[in-house]
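Colleague: Using only what follows, build the 3D model:
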Amino acid sequence: MSAFRSLIGELEVALRVGSSAKRTDLLRRITDLFLGGVDTFSTEQISLFDDVLIRLIDQIETQVLAELSGRLASVDSAPEGVVRRLAWDDDIAISGPILQHSPRLSDGELVEIAKSKSQEHLFKISGRSQLNEDVTDVLVDRGDSAVLNEVAGNGGAHFSKIGLAKLVICADGDDGLTTTVAGRADIPPLLLRQLLARATDMVRERLMASARPEVREAIRKAVFCTYRKMSRSLVPRRYGQAEALVRIFSQDTELTRSQIMRFADMRRIEETVVALSVLTAVPIDLVDALVHDPGFLGVLVLCKAVGLEWRVAYSVMLTAGTAGEGPTPRGENLRDEYEQFAASTAQRLLRFWQARHELSARPVQ
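Modeller: Numbers count the residues shown, from 1 in each chain. Reported below is the predicted structural model:
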């Protein structure tokens with residue numbers, strides 16, 4: 001550390017009267033000294049380097065800070081204060097290497113950065129070798145298409161159930177994201193069916209050529225489900241009479257819930273849709289789209305969000321034409337998925353779906 005102590009004297013002079021070139025040279029020499037002995041320094045010694053570098057970096061130009069970030073990014077014991085200062089920088093050239101590689105950033109810090117920084121910052125975080133569910137939840141909520149594709153393709157990224165469901169929702173209309181998400185080994189059967197049911201023929205053909213056997217079988221089932229369901233969903237529907245009927249008892253939540261069972265058992269789809277709209281406070285057009293979606297996820301989320309028992313939910317699925325013609329093994333599988341799905345998760349997904357629906361409905365400025 002004698003070399004380090006001699007640099008401290010130079011630091012005081014450089015900060016007081018030194019040129020930019022002098023401060024840059026000093027930063028590089030201190031960094032060289034740190035990296036040269038990083039495996040031998042104690043915690044207290046690393047803290048001294050941290051204090052010194054922090055004093056310097058606020059007076060260093062962007063290009064040099066980007067260089068420093070790249071040199072420290074993969075160092076397990078890099079000075080924590082410096083790492084945090086670089087990670088929070090608005091300039092992605094400075095923060096990018098740290099965000100993507102530094103093991104010194106905690107999951108909590110990554111979450112806070114992901115909540116407030118730019119899409120470029122989110123993209124760099126998405127490329128980290130390991131990501132936990134708390135971080136990926138924020139990336140999925142805030143990320144644009146590039147971020148979603150990057151994190152979905154990251155084999156070291158772990159997703160919560162709701163995070164994966166949101167990825168599937170976001171993949172609608174995005175062939176690249178659909179292909180990437182379908183290739184994940186951790187996607188549950190329910191979400192895979194939903195994803196493939198909404199996929200284009202081109203994507204299905206591409207996946208069929210290279211997919212795992214279970215994915216190929218899911219594709220075949222999704223194609224059958226889609227064509228059968230589309231024939232029903234293309235029928236034009238008018239909700240005026242159904243709204244007038246449901247309005248009579250819509251102020252009574254329990255009565256409305258019981259009426260859903262009656263409407264579904266009678267295969268009265270318009271009244272079923274309106275009653276679900278009343279209970280979820282979701283517009284009729286979105287409820288109609290979710291009920292008639294070629295996958296199972298939309299109707300499952302609607303029914304679970306309002307706490308319908310499985311028998312009622314399955315009757316709604318049959319009415320919508322999504323669960324086959326009777327209580328087949330396919331229905332038994334759906335029951336397991338339905339009962340494992342938490343009501344709180346369904347409610348959060350429904351709000352996410354509604355926010356995306358409202359955003360897509362806004363006129364282009």
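Colleague: Please parse this protein into its domains.
Modeller: 1-104, 106-154, 160-235, 240-361 (automatic domain parsing).
Colleague: got CSV for these, with mean neighbour count and mean pLDDT too?
Modeller: Every residue, glycine included, has its C-beta placed from N, CA and C. As requested, these are exported to CSV (neighbours: other CB atoms under 10 Å; pLDDT from 0 to 100):
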stretch, mean neighbour count, mean pLDDT
domain 1-104, 16, 86
domain 106-154, 19, 98
domain 160-235, 17, 79
domain 240-361, 18, 87
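Colleague: which other residues reach stretch 262-277?
Modeller: Stretch 262-277 has contacts (CB atoms under 8 Å, 6 or more residues apart in numbering) with 237-239, 241-243, 245-246, 256, 259-260, 282-284, 287-288, 291, 302-303, 306, 312, 315-316, 318-320.
Colleague: what do you get for stretch 296-307?
Modeller: With contacts defined as CB under 8 Å, 6+ apart, stretch 296-307 is touched by 165, 168-169, 190-191, 193-194, 257, 276, 279-280, 282, 287, 289-291, 293, 312-313, 316-317, 320, 322-323, 334, 337-338, 341-343, 345-347, 349-350, 353.
Colleague: How much space separates the spatially most central residue of the chain from Arg206?
Modeller: Closest residue to the average C-alpha location of the chain: Val140 at 2.0 Å, with CA atoms, centre = their mean. Separation of Val140 from Arg206 (CB to CB, to the nearest Å): 23 Å.
Colleague: now swap in Gly176 and tell me
Modeller: Going from Gly176 to Arg206 by CB to CB gives 11 Å.
Colleague: now Lys124
Modeller: 28 Å.
Colleague: same thing with Ser118?
Modeller: Between Ser118 and Arg206 the computed distance is 32 Å (CB to CB).
Colleague: coming back round to it: which helices and strands does the host helix or strand of the residue nearest to the centre of the chain pack with?
Modeller: Element membership of Val140, judged by DSSP states H and E, is helix 133-142. Packing partners of helix 133-142 (3 or more CB pairs under 8 Å, 6 or more residues apart in numbering; DSSP states H and E): helix 107-116, helix 119-126, helix 145-152, helix 161-171.
Colleague: One more pass at 6 Å, please.
Modeller: Contacts defined by 3 or more CB pairs under 6 Å, 6 or more residues apart in numbering; DSSP states H and E place helix 133-142 against helix 107-116, helix 145-152, helix 161-171.
Colleague: Contacts made by stretch 133-150 with the rest, please.
Modeller: Stretch 133-150 has contacts (CB atoms under 6 Å, 6 or more residues apart in numbering) with 107, 110-111, 114-115, 119, 122-123, 126-127, 151, 157-160, 163, 166-167, 170, 176-177, 180.
Colleague: now stretch 177-193
Modeller: Where contact means CB under 6 Å, 6+ apart, the residues beyond stretch 177-193 that reach it are 148-149, 152-153, 164-165, 167-168, 171, 195, 199, 203, 207, 218, 222, 295, 337.
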